[in-house]
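*Asks:* Here you go, sequence then predicted model.
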Amino acid sequence: MGNTFGHLFRITTWGESHGGGVGVVIDGCPPRLELTEADIQPELDRRRPGQSKIVTPRKEADAVQILSGTFEGRTLGTPISLVVKNEDQRSEAYTEMATKFRPSHADYTYHAKYGIRAWPGGGRTSARETIGRVAAGAVAKKLLRERWGVEVLACVTQVQDVKAAVAPETFTFEQVEANIVRCPDAAAADQMIRLIEQRRGEGDSVGGIILGVARNVPAGWGDPVFDRLEADLGKAMLSLPATKAFEIGSGFEGVHLTGRQHNDAIRNVDGRVRTVTNRSGGVVGGISNGELIHFRVAFKPTATVFHEQDTVDIHLENTTLKPRGRHDACVLPRAVPMVEAMTALVLVDHALRHEAQCGH
């Protein structure tokens, strides 16, 4: 069903925003991988609320606990269960939402589908669901790094109209984490932070773009025709809350070029097949070609704005709603580790599938 992602490396996330906790079950992780909570917690710390002045002030430690699947600090090859407790719920802020649907939230669509919804905090539609993804992604990133030497990284490159100059090939984790907006361009980051603070002060919100990269991915990963690597990456990214668009390589800008201009010429460089340019974004025919994988994900402005808006209630009567509660004015800083996590989950699954099918 829709709560499970992956084939050989499979995850199932569970939990609601204001329930007892959230978590994930990982099935298919190879045995003997060294793994403790200390390998997972740093990624959750990057995702957690309350970490800076430009994100939601909800106070959650998001401390992860491994319940199963490891022994003496190594994976067993059996299902790994991870849990994070919810500690700072304030359901009273959502009382009005019990009978009114928030514009551009999933309140109405969940009600239309299921006839019931967990209205405190948005329930399953809340970004707290991504805790399970990020925790599982930490395991996937560790496996990719240690077994195949693959690095997964993401950063903010645009907030509303403020754009950063970022080289996909060279930006570093240290540059990303050097500021609270997670943009490696320091000058642009300052402008982004001021813009987010301004919009928050106005009771409004902003969206933007996150760049994702995967370095040192070998040629051959991907499973055409329906499980193309870029198709699975696209599905992974568009499954994240607030995402509205995905493009890989030249993306939409590629339509301005001719075929001769767009093609990536191929050469033998010291016995290795390389492309001169990388407009394909590291994937051709649904299979990695050994070049840098790079893509972009667009996130809409946060749906909760502190202004009265038109909506309907559960009886489909016209009404208005002015939301309360604690929310991000911009989801991008906390979405960076989410993008990395989903990238790692796609890649590790395809890596294991490639080995199972092709034996190398």
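*Replies:* That came through fine.
*Asks:* Any regions of the protein where pLDDT drops low?
*Replies:* 50, 57-59, 88-94, 325-326 (pLDDT under 70).
*Asks:* Going by residue numbers, what spans are helices in the stretch 1-150 of the chain?
*Replies:* In order along the chain, the stretch 1-150 of the chain carries the following helices (DSSP state H, counting those that start in this stretch): 37-47, 107-114, 130-143.
*Asks:* For the ones you listed, give me CSV that also has distance to Leu8 and mean neighbour count.
*Replies:* No exception for glycine: its C-beta is placed from N, CA and C like everyone else's. Converted to CSV, the helices of the stretch 1-150 of the chain look like this (distance: least, CB to CB, whole Å; neighbours: other CB atoms under 10 Å):
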stretch, distance to Leu8, mean neighbour count
helix 37-47, 20, 18
helix 107-114, 30, 15
helix 130-143, 12, 26
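*Asks:* To Val162, which of those lies closest?
*Replies:* Val162 lies closest, by CB to CB, to one member of these: helix 37-47, at 21.5 Å.
*Asks:* Does anything pack onto that closest one? Which helices or strands?
*Replies:* Secondary-structure packing of helix 37-47 (3 or more CB pairs under 8 Å, 6 or more residues apart in numbering; DSSP states H and E): strand 64-68, helix 130-143, helix 332-358.
*Asks:* now that helix: how far from the chain's centre is it?
*Replies:* 14 Å (CA atoms, centre = their mean, to the nearest Å).
*Asks:* what angle separates that helix from helix 332-358?
*Replies:* Per axes from the mean of the first three to the mean of the last three CA atoms, to 10 degrees, the angle that helix 37-47 makes with helix 332-358 is 130 degrees.
*Asks:* and the angle for helix 37-47 with helix 130-143?
*Replies:* Orientation check (the same axes, to 10 degrees): helix 37-47 against helix 130-143 gives 130 degrees.
*Asks:* ok so, going back, out of the helices of the stretch 1-150 of the chain, nearest to Phe9?
*Replies:* Of all the helices of the stretch 1-150 of the chain, helix 130-143 comes closest under CB to CB, at 6.7 Å.
*Asks:* And for that closest one, what's in contact with it?
*Replies:* With contact meaning CB atoms under 8 Å, 6 or more residues apart in numbering, helix 130-143 is reached by 9, 11, 13-15, 22-24, 26, 29-30, 33, 35, 39-40, 42-44, 46-47, 62, 64, 80, 82, 84, 152, 240-241, 337-338, 340-345, 347-348.
*Asks:* chain center to it: distance?
*Replies:* The chain centre lies 10 Å from the centre of helix 130-143; the measure is CA atoms, centre = their mean.
*Asks:* Repeat that for stretch 303-317.
*Replies:* 27 Å.
*Asks:* which residues sit against it?
*Replies:* Counting by CB under 8 Å, 6+ apart, 99-105, 108, 111, 203-205, 242, 318-325, 327 sit against stretch 303-317.
*Asks:* Tell me which residues of that stretch come out buried.
*Replies:* Ala303, Thr304, Val305, Thr311 (16 or more other CB atoms under 10 Å).
*Asks:* From Ala265, how far out is the nearest residue to Glu96 once chain neighbours are set aside?
*Replies:* Spatial nearest neighbour of Glu96, excluding adjacent residues (CB to CB, 6 or more residues apart in numbering): Leu321 at 6.6 Å. Leu321 is 56 Å from Ala265, where distance means CB to CB, to the nearest Å.
*Asks:* Give me the more crowded residue out of the two.
*Replies:* Leu321 (20 against 8; other CB atoms under 10 Å).
*Asks:* if I pick that one, what's in contact with it?
*Replies:* Glu96, Met97, Lys100, Phe101, Arg102, Pro103, Glu308, Gln309, Thr311.
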